[in-house]
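> this is a predicted model, with the sequence first.
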Amino acid sequence: MEVMLHSSTFLLPTIPADNDKLPSLTYSLVILNQSLPRFTPLLWKHAQLRVCADGGANRLHDDLPSFFPNEDVLAVRKTFKPDVIKGDMDSVRDDVLHFYSNLGTKIVDASHDQETTDLHKCVDYIHDLTDVDKSNLCILVVGALGGRFDHEIGNVNVLCRFSTTRIILMNDDCLIQLLPGTHHHEIHIQHSVEGPHCGLIPIGMPSRSTTTTGLQWDLTNTEMRFGGLVSTSNIVKENIITVHSESDLLWTISIRKPQFVQQNS
């Protein structure tokens, strides 16, 4: 079975370019309508495309200037201008839409589609771009965790709906991504910015057999299911974690608290 490589190098000030083993990824950033993590400007710097999902534009407009208390608010807002705002437009304020549209942001009204979430709509938009290499695409999502539980579950469902795409949900405390059962997985840990707490959670169906290496409490052909064992509050012990499972799992790892260097670019 093919091995899929993972690394949270997007949390580093500079993404290493000399590691031949890790894939060279193209990042897109999606901002949802919850509190923005302190490292949002860093993700913005690494992303080639920045998309606000509906009310996520309010968060960008209202909250991001507080990350730069010594800079002019209007200048910060003009610097962090999204490429696209897409959604059903039931949350974004008119003044925010006018502000960004006047700066050249593309507005995509998808109010006709009430069957999918705003995150789903944004992922669809990114997928539909002809110049995006799907095999090297990684979509970073902030504002995906916290707030209403049904919204959180809807965002996790997007991971399952787009299981062949790298999508990472983040808040200040942790990240979540899908490890599809179609691959073995090798996770390269960035100890300076993530860990040590982690978890592996079966999603969609029980995992009859999961085996890991590199964790304090490794699994060996272990069954995991809701109502039974779920690997929470585990600890990363090695630089590389391997995961072999016959079905999809969610991987989650804590994000460390030290202040990130803000990148205003």
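Looks like it came in fine.

> what ranges in the stretch 1-150 of the chain fall below the confidence cut-off?
Along the stretch 1-150 of the chain, the parts satisfying pLDDT under 70 run over 18-20, 130-133.

> show me where it has strands.
Counting by DSSP state E, counting those that start in this stretch, the stretch 1-150 of the chain has strands at residues 3-7, 26-31, 49-53, 84-87, 106-109, 137-142.

> turn those strands into JSON lines, including mean neighbour count and distance to P69.
Where you see a C-beta, it was placed from the backbone N, CA and C, and this is true even at glycine. What follows is the strands of the stretch 1-150 of the chain, written out as JSON lines (neighbours: other Cβ atoms under 10 Å; distance: least, Cβ to Cβ, whole Å):
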{"stretch": "strand 3-7", "mean neighbour count": "16", "distance to P69": "32"}
{"stretch": "strand 26-31", "mean neighbour count": "26", "distance to P69": "20"}
{"stretch": "strand 49-53", "mean neighbour count": "26", "distance to P69": "22"}
{"stretch": "strand 84-87", "mean neighbour count": "25", "distance to P69": "26"}
{"stretch": "strand 106-109", "mean neighbour count": "14", "distance to P69": "30"}
{"stretch": "strand 137-142", "mean neighbour count": "24", "distance to P69": "20"}
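
> closest one to T210 among these?
For these, the distance to T210 is smallest for strand 3-7, at 15.2 Å, taking Cβ to Cβ.

> report the inter-axis angle for the closest one versus strand 137-142.
Put simply, strand 3-7 runs at 40 degrees to strand 137-142, going by axes from the mean of the first three to the mean of the last three Cα atoms, to 10 degrees.

> what about strand 3-7, distance to the chain center?
Going by Cα atoms, centre = their mean, to the nearest Å, the spacing between the C-alpha centre of strand 3-7 and its chain's C-alpha centre is 15 Å.

> got the contact list for the longest strand anywhere in the chain?
Determined from DSSP state E, the single longest strand within the chain is strand 194-202. Taking Cβ atoms under 8 Å, 6 or more residues apart in numbering as the criterion, the residues outside strand 194-202 that touch it are 8, 11, 175, 179, 189, 210, 212, 215, 219, 224-226, 230-237, 241, 243, 245, 247-256.

> can you give me the helices for the stretch 51-200 of the chain?
Per DSSP state H, counting those that start in this stretch, the stretch 51-200 of the chain carries helices over the ranges 56-63, 73-79, 94-102, 118-128, 149-161.

> next, the buried residues of the shortest one.
Applying a neighbour-count criterion of 16 or more other Cβ atoms under 10 Å, the buried positions in helix 73-79 are 76-77, 79.

> distance to R161 added to the strands of the stretch 1-150 of the chain, as a markdown table?
Formatted as a markdown table, the strands of the stretch 1-150 of the chain follow (distance: least, Cβ to Cβ, whole Å):
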| stretch | distance to R161 |
| --- | --- |
| strand 3-7 | 18 |
| strand 26-31 | 14 |
| strand 49-53 | 15 |
| strand 84-87 | 17 |
| strand 106-109 | 19 |
| strand 137-142 | 12 |
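
> out of those, which is closest to D124?
Taking Cβ to Cβ as the criterion, strand 84-87 is the member of the strands of the stretch 1-150 of the chain that comes nearest to D124, at 8.7 Å.
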